[in-house]
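Trainee: next comes the sequence, and after it the predicted model I'd like to discuss.
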Amino acid sequence: MADPASSSPSSKPSSASPLPSLEALRQHNRNATMDVLLPPLEYTTYRQRLFFTDEDMHTMILKHVLNDAFKDGVPAKKKKSKQIREKENWPRELCVVGSRVLVDPQRLMLDGDKQTSSVFDISLETEEEELDASPDGVDAMTYFLRPGATAMTRVVAKKIKRFMGIQLRGQHVKERQLRRTQHNIIFMPHTSAICEAILREEGVMSMVHEGIVSILELPVDLIPLDEDVLSLEQPSALKECAVDGVPTHTIQTVAASLVKIQEAFGVVKRVEGLGPLAEDVIIKMMSMRMDDYEIEVTNACASARDQPLNESFDIKNGGNIGDNGGSAQDFIQSDIDAMIIMDRTLDLVTPMLTPLTYEGLVDDIIGMKNGHIKVKLSLVDPEDDEEVKSNPSSALSEPKVSIALNGGDPLFAEVRGQNVEKIGSFLQDQAKALRESHANFTNRDKSLSEIHKFVKHIPVFTQNYRSLTQHINLAALVKKSVDEPAFRQRWQTEREMLEGSTCYDELDELIYTQHSPFRLLKLLCLQSITSGGIKSSKYDAMRRDIVQTYGYEFLFVLSNIEKLGALRSKAFLDTSGSFSIMRKWLSLINEDVDTIEPDDISYVSSGYAPLSVRLIQAACKGWINAEDVLRELPGHLIDVIQVHPPETYADALKRPIPRGLALDDESVIVESNKEKQKPVLLVYFIGGVTYMEVHSLRFLSQLPKFPYRIVCCTTALVNGETMLRDLV
């Protein structure tokens, strides 16, 4: 008899994390967050309300930091779906009585066609009425901000002043309650001088001196969204760097996260960088390592003053120095062997394309935030779907549930990277296997021990069934969208643009039919990048038509996209044809790719290999015959070795090193065919990474001939539409 516990829809277990100490990072993030949110000891009763500047931060703190997203999969079965209401599962000791997400009015104006999330605080007046109606009020109002969120910092400052004014006018608020109401402004992961200046300008700093307001830092940066994907969840990073021209906060945050990673997993010896931002991050990271080292040496010397000096200890260098200027001991225990830092602006083509993997399409069609999707309950619960069909009016009030999609679900871990052409047959095979497993038990007599074993595994069997049902329904929704003529036309237009064709007529038609604005802008950007810009006369005409069709607000959107470099007129281009050169030299188009049993990363879009991942492949081959490609990229290739004690970036550049990350020792390459023995490569995308690229990296990790297992770090998980929206 088949063991029900092993009757998972997927026959393969989810892959273990390449970083064995990842759980320690999760625990560090949780402890740091609990420390800043725990009530003061002097309070016997405590009530605090939380405010977030964006929904990403709200979900990240709630789902990934304070709770385990890997246990937040298929919603538990309820007897009556009408009674289901998603509950915010804040730890009880934090005494949270509610949370809100503050809305940027400019974003709300552009997203007016989208349904606003239930946690959005879109009406300040509504909240005032709530406060006036509460006789007890709250003890603390806690605001989470990012260091670059200058506009939202001003919103929070005005909100604090307005809240204080409400309390002063309120007739039911006693003086002792007014004194104890505390406002906590928490910057994550660090504060910034410009935000502090705004608070000072708004008069909030005077409240800090009075003890009414506290300004804190929460050192939480990289969040493990999956076993091999870590994210800062800062979608505004690309805008701050490429549009606003103030990359300081992003550079500092990314560099600090890399220092923390190396403190947890060991110093990464080999570091490569592509793009201007990558170079700035490497310089900052090496500077921070030197500062930390000097502090350690100072503390070590201070503690050793009263002790005999060990002859083997070098005060200047902090220890014994190896033959190559670095202590081998510092690198032997490192879990990460090499690192590539990549600027998003190197590859603006990939985000503009439609992915054809399961997870990528779920993100494209439904939308995924922080590894979660929100769908109607009937989509994942067949019984609830029958109720909706029998009572169509109930569909309007049908609740939505949040579902975590990550490697904690073995079935999803296997299906997420598959091409859409394979999903249907794969899920059908899993359903058949699950049905046969159940039939093996019910079709013949069983001993008491076998019955006991089966009953013991019923919860696992039930979970597998619900997981399979969920993904069958999601796949049906995906397949329905993919089969629509509009979807196929979009994919065909993208392919023609990739191959160098101009599709102005198709773009005009989308404008005249009032197509979804940001989907239109994706295609417009793709046309501009792949053809070296848009003809000046056509460019001006399209700008005029877009503003007349979608509103004057899109003047600002178009301006920001131009600053990013994704949309240009040929009259203002210094060079042209850079993408065509890279398309040829990196073999970005593969018309003969097998999407069912793929042997190349181009399967993720049925023929296009992500440019960024091709660059990573070239790096791992030692950049052989890649000089023409490197010349077309902005900035220049950075390749340094980190040593102990740490040294400056300028000194590191003087050190002769072999080019690229190729493994020279053939025996190492052979041994690395065994996944457990493969060295680990960390790839960090500054400005966001797409699911298309994540699946390509995972595919490379599984190839026997590829020498590394890859861990992907990023400032955010994005697609073309969300990336363009976040430029506003």
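Mentor: Arrived safely, thanks for sending. Quantities reported herein were computed from a predicted structural model and do not represent experimental measurements. Numbering: from 1, shown residues only.
Trainee: what's the neighbour count on T150?
Mentor: 18 (other Cβ atoms under 10 Å). The way it works is simple: take the backbone N, C-alpha and C, and place the C-beta from them, glycine included.
Trainee: touching, I185 and V213? I think so.
Mentor: Yes: contact criterion Cβ atoms under 8 Å: I185 and V213 qualify, at 6.6 Å.
Trainee: identify the contacts common to these two.
Mentor: V204 (Cβ atoms under 8 Å, 6 or more residues apart in numbering).
Trainee: more neighbours: which of those two?
Mentor: I185 (24 against 21).
Trainee: wasn't the more buried one part of a strand?
Mentor: Yes: counting by DSSP: H, G, I helix; E, B strand; the rest coil, I185 is part of a strand.
Trainee: mind listing what it touches?
Mentor: Contacts of I185 (Cβ under 8 Å, 6+ apart): Y143, L145, V156, L199, V204, V213, S214, I215, L216.
Trainee: which of those count as buried?
Mentor: For those, a neighbour count by 16 or more other Cβ atoms under 10 Å gives the buried set as Y143, L145, V156, L199, V204, V213, I215.
Trainee: and the host helix or strand of the fourth one, what's buried?
Mentor: Right, L199. Assigned by DSSP states H and E, L199 belongs to helix 193-201. For helix 193-201, burial by neighbour count (16+ other Cβ under 10 Å) applies to C195, E196, I198, L199.
Trainee: not counting its own residues, what contacts stretch 285-292?
Mentor: 255-256, 258-259, 262, 267, 640, 642, 646-649, 652.
Trainee: return the set of buried residues in it.
Mentor: Neighbour-count burial for stretch 285-292 [16+ other Cβ under 10 Å]: M285, M286, M288, R289.
Trainee: CSV for these, including secondary structure?
Mentor: Shown next, in CSV, are the buried residues of stretch 285-292 (three-state DSSP):
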residue, secondary structure
M285, helix
M286, helix
M288, helix
R289, helix
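Trainee: closest one of those residues to W585?
Mentor: Nearest to W585 out of the buried residues of stretch 285-292 is M285 (Cβ to Cβ; 30.2 Å).
Trainee: relative to V220, how far out is the closest one?
Mentor: Per Cβ to Cβ, to the nearest Å, M285 is found 18 Å from V220.
Trainee: and for Q262?
Mentor: Distance from Q262 to V220, by Cβ to Cβ: 17 Å.
Trainee: so for those two, which sits in the more crowded spot?
Mentor: With neighbours defined as other Cβ under 10 Å, Q262 and V220 compare such that V220 has more, 25 against 19.
Trainee: ok so, going back, now, the most widely separated pair of the buried ones among the contacts of I185?
Mentor: L145 and V213 (12.7 Å).
Trainee: who touches the helix holding L199?
Mentor: Taking Cβ under 8 Å, 6+ apart as the rule, helix 193-201 contacts L145, P147, A149, T150, T153, R154, A157, I185, F187, M205, I215.
Trainee: send the alpha carbons of that helix over as CSV?
Mentor: Only the C-alpha atoms of helix 193-201 are listed here, as CSV (Å, rounded to 0.1, in the frame of the first residue of the first chain):
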residue,chain,number,x,y,z
ALA,A,193,19.0,63.0,7.4
ILE,A,194,16.4,64.3,4.9
CYS,A,195,13.5,62.6,6.7
GLU,A,196,14.7,64.0,10.0
ALA,A,197,14.9,67.5,8.4
ILE,A,198,11.2,67.1,7.3
LEU,A,199,10.2,66.1,10.8
ARG,A,200,12.1,69.1,12.2
GLU,A,201,10.4,71.4,9.7
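Trainee: what helices or strands is the next helix or strand after it leaning on?
Mentor: Downstream of helix 193-201, the first helix or strand assigned by DSSP H and E is helix 204-210. Helices and strands touching helix 204-210, by 3 or more Cβ pairs under 8 Å, 6 or more residues apart in numbering; DSSP states H and E, are helix 150-169, strand 213-217.
Trainee: list the buried residues of the longest one.
Mentor: So that's helix 150-169. Buried, per 16+ other Cβ under 10 Å, within helix 150-169: T150, M152, T153, R154, V155, V156, A157, K159, I160, F163, M164.
Trainee: kindly report the same for stretch 643-651.
Mentor: V643, H644, P645, P646, E647, Y649.
Trainee: would CSV of those residues with pLDDT and distance to I295 be doable?
Mentor: Formatted as CSV, the buried residues of stretch 643-651 follow (pLDDT from 0 to 100; distance: Cβ to Cβ, whole Å):
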residue, pLDDT, distance to I295
V643, 91, 18
H644, 86, 15
P645, 90, 12
P646, 93, 12
E647, 92, 16
Y649, 92, 19
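Trainee: widest-spaced pair of the residues you listed?
Mentor: The widest separation within the buried residues of stretch 643-651 (Cβ to Cβ) is 15.7 Å, between H644 and Y649.
Trainee: ranges for the helices of the stretch 551-700 of the chain?
Mentor: In the stretch 551-700 of the chain, the segments counted as helices under DSSP state H, counting those that start in this stretch are 554-564, 578-585, 611-620, 627-632, 649-653, 666-671, 691-702.
Trainee: so which of those is the most packed in?
Mentor: helix 691-702 (a mean of 24; mean count of other Cβ atoms under 10 Å).
Trainee: dump the next helix or strand after that one to CSV, keeping only the CA atoms.
Mentor: Remark: after helix 691-702, the chain's next helix or strand is strand 709-714, criterion DSSP H and E. C-alpha atoms of strand 709-714 as CSV (Å, rounded to 0.1, in the frame of the first residue of the first chain):
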residue,chain,number,x,y,z
ARG,A,709,23.8,26.8,-6.7
ILE,A,710,22.3,30.3,-6.8
VAL,A,711,20.8,32.3,-4.1
CYS,A,712,18.9,35.4,-5.3
CYS,A,713,18.8,38.6,-3.3
THR,A,714,16.9,41.7,-4.5
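Trainee: mean confidence score for strand 709-714?
Mentor: Mean pLDDT, strand 709-714: 96.
Trainee: so who does the nearest residue to N560 once chain neighbours are set aside touch?
Mentor: Leaving aside its sequence neighbours, N560 sits nearest to L727 (Cβ to Cβ, 6 or more residues apart in numbering; 4.3 Å). Neighbour list for L727: L238, K239, V243, V557, N560, I561, L564 [criterion: Cβ under 8 Å, 6+ apart].
Trainee: so what's L727 scoring on pLDDT?
Mentor: 91.
Trainee: cool, and A197?
Mentor: At A197, pLDDT is 93.
Trainee: and it, how close does it get to F187?
Mentor: A197 is 13 Å from F187, by Cβ to Cβ.
Trainee: and D337, what is it in contact with?
Mentor: Applying Cβ under 8 Å, 6+ apart, the residues contacting D337 are V268, K269, R270, P679, V680, L681, Y708.
Trainee: try it again with 6 Å
Mentor: Each residue near D337 by Cβ atoms under 6 Å, 6 or more residues apart in numbering is listed here: P679, V680.
Trainee: from F265, how far out is it?
Mentor: 11 Å.
Trainee: ok, now F461?
Mentor: The value you get for F461 to F265, if Cβ to Cβ is used, is 37 Å.
Trainee: what's the closest of the contacts of L727 to T191?
Mentor: K239 (19.5 Å).
Trainee: the closest one: how many residues sit nearby?
Mentor: Neighbour tally, K239, other Cβ under 10 Å: 20.
Trainee: with G211 instead?
Mentor: With other Cβ under 10 Å as criterion, G211 counts 9.
Trainee: please apply the same query to A486.
Mentor: A486: 11 neighbours (other Cβ under 10 Å).
Trainee: repeat for H209
Mentor: H209: 8 neighbours (other Cβ under 10 Å).
Trainee: and if you look at T33?
Mentor: 21.
Trainee: residues touching T715, list them.
Mentor: T715 touches L232, Q234, A237, I686, G688, counting by Cβ under 6 Å, 6+ apart.
Trainee: quick one: the helices in the stretch 251-400 of the chain?
Mentor: Using DSSP H, counting those that start in this stretch, helices in the stretch 251-400 of the chain cover 276-303, 329-332, 358-365, 377-380, 382-390.
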